[in-house]
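**Student:** here is a sequence together with a model predicted from it:
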Amino acid sequence: MSNISTKGIPTELGTEKISKLLIQYAIPAIIAQTAASLYHMIDSIFIGQGVGALAISGLATTFPFMNLSAAFGAMIGVGGATQLSVKLGQRDYESACTILGNLVTLNVIVGMLFGGISLLFLDEILFFFGASEATLPYARDFMEVVLYGNVITHLYLGINAALRASGHPKESMYATIITVVCNLLLAPLFIYVFDWGIRGAALATMLSQMVTLLWQIRLLSNPNELLHLHKGIYALRARFVKGILGIGLSPFLINAAACIVVIIINKGLRTYGDNGDMAIASYGIANRVIFVFIMVILGVTQGMQPIVGYNFGARRYDRVKETLKQTIMWALAVTFTGFALCEGIPELISRAFTTDTTLIANAAKGMRISSMFIMLAGVQMVATNFFQSVGKVNKAIFLSLTRQVLFLIPLLLILPTFMGEDGVWYSIPIADLVSGALAIMLLKGQFNTWNNPAFAGKA
């Protein structure tokens, strides 16, 4: 790791060719996000092939748990990483180290509380999330292992955010890749050789994260670095905790909304589906596949953010607009690939997860419907991250919540009463269509502002 104090200001962000900058900044993020999405898909494939269709359904009922845990993780990770970046930019290394220590402490506290409370009421929560008597044992076996290791997950994600914020995006990427590779090696061993079933898949996940966490701690324990883990930084400081939680509120709300959406989808599929367990399993497969392309777009937007932020601060609106245009083109290319695969060969994709012919047919149908307007969903994601990058926080939060809270949740509650199970599936592309159109309108308004003569000539 390079010494933080010697890192210079990245002036190439204001001079280098935009396409080159996007490749330079987006590719590591894309690799990391793709690896993270494959990490989840690997679990589903091994569980589906090695345990069975009902196990996939049980796994799908744990998705709200994962989203809720991610919500708390994002609140601390994003909030801490943002404050960390600010203090490093101000060369206030003492405060930066204290924030790093507080980030660790908060993750330990929240991880223990979330895991402990969830374990006390695990069966009741899983039933509420959509589990049935048939799928509950699978969901419980998976979540018990995950919740016992919840502190590991929170620390792993939080420290990875700190690595990115402290100028080590490659190390952050490596951490994700190490986790995926370990899981790829351990999951088949535990499921097929040791015959530990879905509990083995969960154990592979936790051990993979533990290996990576130990590596991360080693990286951040170098005393030659100005920013490193050491005694005296772990006691919570009120002003830092307040800042972490305040900044992290937006990603918390976004992930919490995603949790609510998955609960409603699971309950809708159980209520209106001919076979509730198979319907939920179908959603589990379709969701995992589409999630891969969404994560790639997230990587693209992470690469866009520093370029847009730097040039916006320098009032180089021409470069800001060019970066946005090229990022949208990247997102459209990614989502078109997802659209083509999900519409063209969904049965083939579904066979990777299961041999159950009914589940393959239902998952393929769900994939085709869910991906109808995935390209507009990509534009909406770019727009959300764009407004966040230029300091338009209210617009960013508004766009983040419109798809899930304003559009998707009402559609999920209304359409199934008229269309049955199909109403659950069609709610997803309709929400993508409407929220994507709204994002385009907001972007057009921003472009009109920059095309105003008052903003012209700022090249």
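**Tutor:** All right, it came through fine.
**Student:** which parts of this protein belong to which domain?
**Tutor:** The chain is divided into the following domains under automatic domain parsing: 16-33+273-459, 51-259.
**Student:** between those domains, which gets nearest to residue 44?
**Tutor:** Distance to residue 44, taken as CB to CB, is lowest for domain 16-33+273-459 among the domains of the chain, at 4.9 Å. Bear in mind the C-beta positions are built from the backbone N, C-alpha and C, glycine included.
**Student:** show me what the mean pLDDT comes to for that closest one.
**Tutor:** Over the span of domain 16-33+273-459, the pLDDT mean works out to 87.
**Student:** now the domains of the chain as CSV including distance to residue 43?
**Tutor:** As requested, the domains of the chain are exported to CSV (distance: least, CB to CB, whole Å):
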stretch, distance to residue 43
domain 16-33+273-459, 9
domain 51-259, 5
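**Student:** looking at these, which is nearest to residue 45?
**Tutor:** Comparing the domains of the chain by CB to CB, domain 16-33+273-459 comes nearest, at 5.5 Å.
**Student:** that older thread, distance to residue 42 and mean neighbour count for the domains of the chain - can I get that in TSV?
**Tutor:** Formatted as TSV, those follow (distance: least, CB to CB, whole Å; neighbours: other CB atoms under 10 Å):
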stretch	distance to residue 42	mean neighbour count
domain 16-33+273-459	10	20
domain 51-259	6	20
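**Student:** residue 266: which of the ones you listed is closest?
**Tutor:** Here domain 51-259 is closest among the domains of the chain (CB to CB), at 2.9 Å.
**Student:** looking at the domains of the chain, spot the one closest to residue 265.
**Tutor:** Short answer: domain 16-33+273-459, nearest of the domains of the chain by CB to CB, at 6.0 Å.
**Student:** how far out from the middle of the chain is that closest one?
**Tutor:** Relative to its chain's centre, domain 16-33+273-459 lies at 12 Å (CA atoms, centre = their mean, to the nearest Å).
**Student:** show me where the stretch 251-400 of the chain has its helices.
**Tutor:** Listed in chain order, the helices of the stretch 251-400 of the chain (DSSP state H, counting those that start in this stretch) span residues 276-313, 317-344, 346-351, 357-370, 374-389, 393-401.
**Student:** contacts for the third one?
**Tutor:** I take that to be helix 346-351. Here helix 346-351 makes contact (CB atoms under 8 Å, 6 or more residues apart in numbering) with 285, 289, 341, 342, 359, 360, 361, 363, 364, 365, 367, 368.
**Student:** if I look at residue 426, how far off is residue 370?
**Tutor:** According to CB to CB, to the nearest Å, residue 426 stands 9 Å off from residue 370.
**Student:** quick one: low-confidence parts of the stretch 101-250 of the chain?
**Tutor:** 165, 167 (pLDDT under 70).
**Student:** redo the helices of the stretch 251-400 of the chain as CSV? Include distance to residue 250.
**Tutor:** Compiled in CSV, the helices of the stretch 251-400 of the chain are given as follows (distance: least, CB to CB, whole Å):
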stretch, distance to residue 250
helix 276-313, 14
helix 317-344, 20
helix 346-351, 33
helix 357-370, 26
helix 374-389, 8
helix 393-401, 5
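**Student:** alpha carbons only: can I get the strand or helix carrying residue 198 in PDB?
**Tutor:** Taking DSSP states H and E as the criterion, residue 198 maps to helix 197-219. Taking C-alpha atoms only, helix 197-219 is exported to PDB below (Å, rounded to 0.1, in the frame of the first residue of the first chain):
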ATOM      1  CA  GLY A 197     -26.500 -29.000   2.200                       C
ATOM      2  CA  ILE A 198     -27.600 -25.400   2.300                       C
ATOM      3  CA  ARG A 199     -25.900 -25.000   5.700                       C
ATOM      4  CA  GLY A 200     -22.600 -25.800   3.900                       C
ATOM      5  CA  ALA A 201     -23.300 -23.100   1.400                       C
ATOM      6  CA  ALA A 202     -23.700 -20.600   4.200                       C
ATOM      7  CA  LEU A 203     -20.600 -21.800   6.000                       C
ATOM      8  CA  ALA A 204     -18.600 -21.400   2.700                       C
ATOM      9  CA  THR A 205     -19.900 -17.800   2.500                       C
ATOM     10  CA  MET A 206     -18.900 -16.900   6.000                       C
ATOM     11  CA  LEU A 207     -15.400 -18.600   5.900                       C
ATOM     12  CA  SER A 208     -14.700 -16.800   2.600                       C
ATOM     13  CA  GLN A 209     -15.500 -13.500   4.200                       C
ATOM     14  CA  MET A 210     -13.400 -14.300   7.200                       C
ATOM     15  CA  VAL A 211     -10.400 -15.100   5.100                       C
ATOM     16  CA  THR A 212     -10.800 -11.800   3.300                       C
ATOM     17  CA  LEU A 213     -11.400  -9.900   6.500                       C
ATOM     18  CA  LEU A 214      -8.100 -11.100   7.900                       C
ATOM     19  CA  TRP A 215      -6.300  -9.900   4.800                       C
ATOM     20  CA  GLN A 216      -8.000  -6.500   5.000                       C
ATOM     21  CA  ILE A 217      -7.000  -6.100   8.600                       C
ATOM     22  CA  ARG A 218      -3.500  -7.000   7.700                       C
ATOM     23  CA  LEU A 219      -3.500  -4.300   5.000                       C
END
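**Student:** so which elements touch that helix?
**Tutor:** Under the contact definition 3 or more CB pairs under 8 Å, 6 or more residues apart in numbering; DSSP states H and E, helix 197-219 sits against helix 18-50, helix 53-60, helix 136-148, helix 150-165, helix 169-188.
**Student:** can I get the ones you listed in JSON lines including distance to residue 415?
**Tutor:** Below are the helices and strands packed on helix 197-219 laid out as JSON lines (distance: least, CB to CB, whole Å):
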{"stretch": "helix 18-50", "distance to residue 415": "26"}
{"stretch": "helix 53-60", "distance to residue 415": "20"}
{"stretch": "helix 136-148", "distance to residue 415": "26"}
{"stretch": "helix 150-165", "distance to residue 415": "34"}
{"stretch": "helix 169-188", "distance to residue 415": "36"}
